[in-house]
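Got a predicted structure here, sequence first:
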Amino acid sequence: MRAEEIREMAADDITKRVKELEEEQFRLKFRSATEPLEDPLRLRVIRRDLARLKTVLREQTNG
């Protein structure tokens, strides 16, 4: 997800997406402790997307 795409989203949509990604990240971390992941790079992608989403959300609220 690119920053330009995120900036076009509403704050509610960004917050919703953050929650979805945090849940997915939790499930992947939990699963990685018990079995190898099919796509271990997905954790990195999720972490970076979360950072982008939170940064844009903070920019919009401090505006």
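Thanks, I have the structure now. Because the structure is predicted, anything quoted here is derived from the model rather than measured.

following the lengthiest helix in the chain, which helix or strand comes up?
Ranked by residue count, the top helix of the chain under DSSP state H comes out as helix 11-34. The helix or strand immediately downstream of helix 11-34 is helix 42-62, counting by DSSP states H and E.

Mind listing what's buried along the lowest-mean-pLDDT helix or strand in the chain?
Ranked by mean pLDDT, DSSP states H and E, the weakest helix or strand in the chain is helix 3-7, scoring a mean of 91. Residues of helix 3-7 classed as buried: I6 (neighbour count, 16 or more other CB atoms under 10 Å). All C-beta atoms are positioned from the backbone trio N, CA, C, and that covers glycine.

Quick check: the most centrally placed residue in the chain vs I14, distance?
Nearest to the mean C-alpha position of the chain, counting by CA atoms, centre = their mean, stands L50 at 3.0 Å. Separation of L50 from I14 (CB to CB, to the nearest Å): 11 Å.

Looks like L21 contacts L50 (just checking).
Yes: with contact defined as CB atoms under 8 Å, L21 reaches L50; the gap is 5.2 Å.

So which other helices or strands are in contact with the least confident helix or strand of the chain?
Applying 3 or more CB pairs under 8 Å, 6 or more residues apart in numbering; DSSP states H and E, one finds that helix 3-7 contacts helix 42-62.

buried set for the helix it packs on?
Buried-residue list, helix 42-62, by 16+ other CB under 10 Å: I46, D49, L50, R52, L53, V56, L57.

Having no further points to raise, I will conclude here.
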